[in-house]
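**Q** Fold the following, please.
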Amino acid sequence: MSSMPTTLDSGRYQLGQLIGRGGMAEVHVAVDTRLGRTVAIKIMRPDLAHDEIFLTRFQREAHSVAQMNNPNIVNIYDSGEEVITFENGQTEHLPYLVMEYVKGQTLRDIIKANGPLSQRDAEHVMIGVLSALEYSHRMGIIHRDIKPGNIMISEQGIVKVMDFGIARALDDSATTMTKSQGVVGTAQYLSPEQARGETVDMRSDLYSAGCVLYEMLTGRPPFTGDSAVAIAYQHVSEVAVRPSTIVPGLPTAWDSICAKAMAKDRQNRYATAAEFKNDIIAFMNGGVPSATAFNPLTDLSATKAQPQRTEPMPAQQGPATQRFNPVTGQFERINPDGSTGPLKTRADRRAEIAKKKHKRNVVIASIAAAIVILGIAIGGWLWWDHAQNATKFVTVPTFNETTTEARARKQLSDLGLNINVKQDADSTKPEGMFTKQTPAGGKRVAEGSTVEVWFSTGPRPIKIPDVTGYTQEQARSTLEDAGFVVEASVQTEDSATIAKDHVTRTDPAYGTSQLKGSTISLWVSSGMTKVPDGIIGKPQDQALSALSQMGLTVTVMQESSDTVDKGSVIRVSPDVGTSVAQNSTVTVWVSTGHEQVTVPNVDAGDTLASARAILEAAGLSVKVDGNSSDDAIVESINPSAGASVDKGSEVTVKTKAPSNPSPSPSGSSSASPSPSDGAQNGGDHGQH
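**A** Numbering: from 1, shown residues only. Just a heads-up that it's a prediction; the model follows:
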């Protein structure tokens, strides 16, 4: 099968590193080259492309979130399908979603790394989650899978709810079962009605939100178990341990808020997300939350529908009662003694008495056996103490790096000790050098004991691990654990993708084999990146792609150019080769081609000198077709007035001889001709 594509939508979206993987899709960071922004793209796994259930969930997520616009909900910008080709030549359509990229961590990762949150942090996160639910419920959408893994906390502290993949409209929530009869949702945060496969409503989301609040306060989910079924049973029939019991000093008001949000009977929960949120705000501002009046045990009793127990009659068995089992969905019998199942017979009661007697006998036998074992242990210790006093002990010598194998053998032999020489293949010391011993020097052992002594086989070559993107501390720890020595000083260089002070590379490079104990140099990011060379004169798309790969945001401006082709880059600011902060904005000027000018109006009958002045003032050159004297008469111009042409273009001016030419300066006549003579002469000249 082919791997995931590297671009989507004909190259518009360039996929980057994988930042998340779920049951039905992978999430990659990507660059929208058209808009010059970083996005997150969720693309369905190829092996699920024919699974109708997952396709429906994928499409539902796009439909659910696309209609919502809330600062606490991850936005969806675009969706589409990408065609991939398998090794056998078969093609497949993979749907994808283009989403808002939130740089931060999931609440699950924060709790896993740091444990319980402070009360203020828990309040801040819950207000964000409940604001998102308040909005989505108002829009008619139930999330149905609220959990820490679906809550993002950005680097600025903004709470974002995501993954509406199993969300449904309020009027389409009649079931919580998949086609395969599997319960939808995550077991640790599942409402009782979801666990029973019943209708869900917005209060089901509030139950899950209560579970998330519980985990933020305590560092663990309210219920845990060996299987999803065991956890679901607890959601239906058990009350969680109070948070203040787990976290000493936590105000008991949090117990009440969690209990009300996690009430088994949804009628006893908060009615809306706004009511839940207001209770938290009221408490954190010094008020008394309304949840303090709620008793979780009463709610549990009502949910289980347990009957009142009565003491059994001394001479007879009373009638059996029934109760509803919320897990099996059926009624079961309750005997007068409180046990479930059919009424016990006299033979059953005799068997129970015999069983209790057997258990008592087993306990007595176990105590007796323990006393015997203790006596044996005391006797053994006394024997060993006597043997120690009768045995001759010697002190193990301390060896060092100058100790040779021959010297070690002689020293041990002189003390009456044996030697077991071993090869140390993990040492960085030269071949044949002493590395360690057991027992350690200075220990007292019985004469005749064996001392194990290791000598180095010499350092061995090992591969340098990849620490790209690590902090300096993480990189040093990783490299030193692998057996290398890391230089104390580090080198700094620009990087488009690696955060400031994180490792960009090692010298020698990772993946190369070096002798254990070799020295490794670290290079770390300066937090800067360079405006790439080679983009001047390149087409706009290529230039934007190169800048996006360097982690830069691009603003495009346009201007004319006589030297750069239309659609290509004229210049960039800051200049190419300049170091700028990562994610900086770069302005790119793109050529619109030659500057255009409009051919000015030149009237027929104007002189050539006048026409030439008008056209050249507009930035055009003049070509004369006809009489080229300054007082020649203009008949027409081409291109005509009003036409748009490149600046500097040539305009052809068609002219004719002037009707009254100037007298020749070399004429010998001393008298000027009369007007009539001039006209006649001009006419004769023209006829001639």
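**Q** Please count neighbours and contacts with C-alpha atoms only from this point.
**A** OK.
**Q** Now Val29: which helix or strand?
**A** strand 25-32 (DSSP states H and E).
**Q** What's the mean pLDDT across that strand?
**A** The pLDDT scores in strand 25-32 average 90.
**Q** got the CA coordinates for whichever helix or strand comes after it in CSV?
**A** Next helix or strand after strand 25-32 toward the C-terminus (DSSP H and E): strand 37-44. The C-alpha trace of strand 37-44 is given here as CSV (Å, rounded to 0.1, in the frame of the first residue of the first chain):
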residue,chain,number,x,y,z
ARG,A,37,-0.7,29.8,7.2
THR,A,38,-0.1,26.7,9.4
VAL,A,39,-3.0,24.3,9.7
ALA,A,40,-3.7,20.8,11.1
ILE,A,41,-5.0,18.2,8.7
LYS,A,42,-6.9,15.1,9.8
ILE,A,43,-6.8,12.5,7.0
MET,A,44,-8.5,9.1,7.3
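**Q** which other residues reach strand 37-44?
**A** Strand 37-44 is contacted by residues 15, 24-32, 58, 94-102, 553 when judged by C-alpha atoms under 8 Å, 6 or more residues apart in numbering.
**Q** swap in stretch 631-640?
**A** Contacts of stretch 631-640 (C-alpha under 8 Å, 6+ apart): 599, 601-609, 611, 651-658.
**Q** Buried subset of those residues as a ChimeraX selection?
**A** If you want just the buried ones from the contacts of stretch 631-640 in ChimeraX, going by 16 or more other C-alpha atoms under 10 Å, the selection is:
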select :599,602,606,607,608,611,651,652,653,654,655,656,657,658
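**Q** mind checking pLDDT for the nearest residue to Pro539 once chain neighbours are set aside?
**A** In this structure, Pro539 finds its nearest non-sequential neighbour in Ser568, 4.1 Å apart by C-alpha to C-alpha, 6 or more residues apart in numbering. Note on Ser568: pLDDT of 91.
**Q** doesn't Val590 make contact with Ser568?
**A** Yes - if you go by C-alpha atoms under 8 Å, Ser568 and Val590 touch, sitting 5.5 Å apart.
**Q** overlap in contacts of those two?
**A** Joint contacts of Ser568 and Val590 (C-alpha under 8 Å, 6+ apart) are Gln540.
**Q** Of these two, which one has the most company?
**A** Val590 (27 against 24; other C-alpha atoms under 10 Å).
**Q** The contacts of stretch 631-640 in strands, which ones?
**A** Of the positions in these, 651-656 sit in strands, assigned by DSSP state E.
**Q** and those as a markdown table, adding pLDDT and distance to Lys260?
**A** What follows is those, written out as a markdown table (pLDDT from 0 to 100; distance: C-alpha to C-alpha, whole Å):
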| residue | pLDDT | distance to Lys260 |
| --- | --- | --- |
| Val651 | 88 | 87 |
| Thr652 | 92 | 90 |
| Val653 | 88 | 92 |
| Lys654 | 90 | 95 |
| Thr655 | 92 | 98 |
| Lys656 | 90 | 102 |
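**Q** Kindly reformat those residues as TSV containing distance to Gly149.
**A** Shown next, in TSV, are the ones in strands among the contacts of stretch 631-640 (distance: C-alpha to C-alpha, whole Å):
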residue	distance to Gly149
Val651	71
Thr652	75
Val653	77
Lys654	80
Thr655	84
Lys656	87
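**Q** Ranking helices and strands of this structure by mean pLDDT, which lands last?
**A** Ranked by mean pLDDT, DSSP states H and E, the weakest helix or strand in the chain is helix 675-687, scoring a mean of 39.
**Q** What about Ala293, how many residues nearby?
**A** Using other C-alpha under 10 Å, Ala293 has 10 neighbouring residues.
**Q** oh, I was asking about Asn583
**A** For Asn583, the neighbour count with other C-alpha under 10 Å is 19.
**Q** State the distance from the closest residue to Glu650 other than its chain neighbours to Lys656.
**A** Leaving aside its chain neighbours, Glu650 sits nearest to Ser621 (4.7 Å; criterion: C-alpha to C-alpha, 6+ apart). Counting by C-alpha to C-alpha, to the nearest Å, the separation of Ser621 from Lys656 is 19 Å.
**Q** And Ser640, by the same measure?
**A** Distance, Ser640 to Lys656, by C-alpha to C-alpha: 18 Å.
**Q** One more: Ala282?
**A** 96 Å.
**Q** what does Thr272 give?
**A** 91 Å.
**Q** Run the chain-centre distance for stretch 629-643.
**A** On the basis of C-alpha atoms, centre = their mean, to the nearest Å, stretch 629-643 sits 69 Å off its chain's mean C-alpha point.
**Q** and if you look at stretch 5-22?
**A** Centroid separation for stretch 5-22 versus its chain: 13 Å, with C-alpha atoms, centre = their mean.
**Q** For it, buried residues please.
**A** Taking 16+ other C-alpha under 10 Å as the criterion, stretch 5-22 shows 8, 12-16 as buried.
**Q** Reformat those residues as CSV; add secondary structure.
**A** Below are these laid out as CSV (DSSP: H, G, I helix; E, B strand; the rest coil):
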residue, secondary structure
Leu8, strand
Arg12, coil
Tyr13, strand
Gln14, strand
Leu15, strand
Gly16, strand
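**Q** Show me which of those is closest to Ala354.
**A** Among the buried residues of stretch 5-22, Gly16 lies closest to Ala354 (C-alpha to C-alpha), at 70.9 Å.
**Q** shouldn't that closest one be in contact with Val29?
**A** Yes - using C-alpha under 8 Å, Gly16 makes contact with Val29 at a distance of 5.1 Å.
**Q** angle of the strand holding Val29 against strand 37-44?
**A** Angle, strand 25-32 to strand 37-44, by axes from the mean of the first three to the mean of the last three C-alpha atoms, to 10 degrees: 150 degrees.
**Q** Quick one: name whatever helix or strand follows the lengthiest helix in the chain.
**A** For the chain, the helix reaching the highest residue count under DSSP state H is reported as helix 346-390. Using DSSP H and E, the helix or strand that follows helix 346-390 in sequence is strand 393-395.
**Q** which secondary structure elements does that following strand contact?
**A** On a contact count with 3 or more C-alpha pairs under 8 Å, 6 or more residues apart in numbering; DSSP states H and E, strand 393-395 meets strand 444-446.
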